[in-house]
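A.B. asks: quick one: sequence and predicted model below, then my questions.
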Amino acid sequence: MTQTTTRVLEPSDLGAALAVLESEPVANAFVTSRVQIAGLDPWRLGGEMWGWYADGRLRSLCYSGANLVPICATPEAVRAFADRARRAGRRCSSIVGPAGPTAQLWRLLEPGWGPAREVRANQPLMVTESPSADVAPDPLVRRVRKDEVDVLMPACVAMFTEEVGISPLAGDGGLLYQARVAELVGAGRSFARIEDGKVVFKAEIGATTAQACQIQGVWVAPEFRGRGHSETGMAAVLRYALADVAPIVSLYVNDYNTPARKAYRRIGFRETGAFMSVLF
């Protein structure tokens, strides 16, 4: 009989944890990038990393912080993670991850944690290794400068509020969110087309590893929508990402956002799987 156990990982478990994370470099890019920077110390990582072992070998992970994220999680591991999450109580603002394990995790947690504010059960995961020749990159999309954070912030707040349904300025007045925006700008991973002091298009490379990176926060100012800025802007960001960051670029999008999915396909992305998000 297989012997299994679940525990909070420690800094000494870093090598084993990275081996699990790097087994699926695209799907795990977000968590992998954080672990590579912060290690497994909960204070630096911003949460605990739970490990599920079978016969003494680490097989599955679950990040428990602002988000609850099942990683390479088998059905048995998901049950173990759900048991631990129930005992700890809900501390996260969302559950997000590959659709299959996340759906199972939510089924187990919903009786105690529900109802959710919103469940996005199918968010196609899209990837590309090369840009399409059909869409020319917008030459006016560039890296945002450090002295332009104040120009960028209103666009970031608008994007977050549209996407998540709540303002990132709630709670702490937006201090943490503004720090994250400034961090991405400082790292050269925030891109925008700015005209007359106003953001027309913006997007960020939010997670980066040597194997893959993930684009997030794609937004076009309402008065400029319908003019192709999302396609040409994303083509520009994709060019930067492939040249400077990683050989594989990914993103995930809501299944009901048909225009965005078509635009991403036109610039070279293809759907390879699905994520799911449960928002509280």
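C.D. replies: Structure's in. What do you need?
A.B. asks: pull the contacting residues for A182.
C.D. replies: K146, V149 (C-beta atoms under 8 Å, 6 or more residues apart in numbering). Yep, even glycine has a C-beta here, placed from its N, CA and C like the rest.
A.B. asks: what about it, distance to E148?
C.D. replies: A182 sits 11 Å away from E148, going by C-beta to C-beta, to the nearest Å.
A.B. asks: please compute how far stretch 63-81 lies from its chain's middle.
C.D. replies: Distance, stretch centre to chain centre, for stretch 63-81: 16 Å (C-alpha atoms, centre = their mean, to the nearest Å).
A.B. asks: what residues does that stretch touch?
C.D. replies: Residues outside stretch 63-81 that contact it (C-beta under 8 Å, 6+ apart): 4, 6, 20-21, 23-24, 28, 30-31, 34, 45-50, 52, 54, 59-62, 84-85, 88, 91-98, 101-102, 104-105, 108.
A.B. asks: which residue, neighbours along the chain excluded, lies closest to Y53?
C.D. replies: Nearest residue to Y53 in three dimensions, chain neighbours excluded: T5, at 5.0 Å (C-beta to C-beta, 6 or more residues apart in numbering).
A.B. asks: phi, psi for that neighbour please.
C.D. replies: Backbone torsions of T5, given as degrees, to the nearest 10, read phi -150, psi 160.
A.B. asks: and A236, by the same measure?
C.D. replies: phi -70, psi -50.
A.B. asks: hang on, K202 packs against W219?
C.D. replies: Yes - counting by C-beta atoms under 8 Å, K202 touches W219, with 5.3 Å between them.
A.B. asks: please enumerate the shared neighbours of those two.
C.D. replies: By C-beta under 8 Å, 6+ apart, K202 and W219 have these common neighbours: A155, C156, M159.
A.B. asks: tell me the one of these nearest F275?
C.D. replies: Of all the shared contacts of K202 and W219, M159 has the smallest distance to F275: 18.1 Å, by C-beta to C-beta.
A.B. asks: show me what contacts the closest residue to A212 other than its chain neighbours?
C.D. replies: Distance criterion C-beta to C-beta, 6+ apart; nearest residue to A212, sequence neighbours excluded, is I248 at 4.2 Å. Contacts for I248 (C-beta under 8 Å, 6+ apart) come out as P25, V26, V127, T128, E129, Q211, A212, C213.
A.B. asks: of those, buried ones?
C.D. replies: P25, V26, V127, T128, A212, C213 (16 or more other C-beta atoms under 10 Å).
A.B. asks: where do the helices sit along this structure?
C.D. replies: Using DSSP state H, the helices of the chain run over 14-21, 29-38, 42-45, 75-88, 99-113, 149-164, 175-186, 229-244, 258-266.
A.B. asks: if we go by neighbour counts, what in the third one is buried?
C.D. replies: Of the residues in helix 42-45, those buried under the neighbour-count criterion (16+ other C-beta under 10 Å) are P42, L45.
A.B. asks: quick one: average confidence on that helix?
C.D. replies: The pLDDT scores in helix 42-45 average 96.
A.B. asks: and for the first one?
C.D. replies: Taken as a whole, helix 14-21 has a mean pLDDT of 98.
A.B. asks: tell me what it is packed against?
C.D. replies: Using 3 or more C-beta pairs under 8 Å, 6 or more residues apart in numbering; DSSP states H and E, the elements in contact with helix 14-21 are helix 29-38, strand 48-54, strand 57-64.
A.B. asks: got the CA positions of it in CSV?
C.D. replies: Output of helix 14-21 as CSV, limited to C-alpha atoms (Å, rounded to 0.1, in the frame of the first residue of the first chain):
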residue,chain,number,x,y,z
LEU,A,14,13.8,23.7,-2.1
GLY,A,15,15.5,21.4,-4.6
ALA,A,16,12.7,18.8,-4.4
ALA,A,17,10.0,21.5,-4.7
LEU,A,18,11.7,23.0,-7.8
ALA,A,19,11.9,19.6,-9.4
VAL,A,20,8.1,19.3,-9.1
LEU,A,21,7.5,22.9,-10.3
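A.B. asks: for it, list every residue counted as buried.
C.D. replies: Residues L14, A16, A17, L18, V20, L21 are the ones in helix 14-21 that count as buried (16+ other C-beta under 10 Å).
A.B. asks: thank you kindly, that will do.
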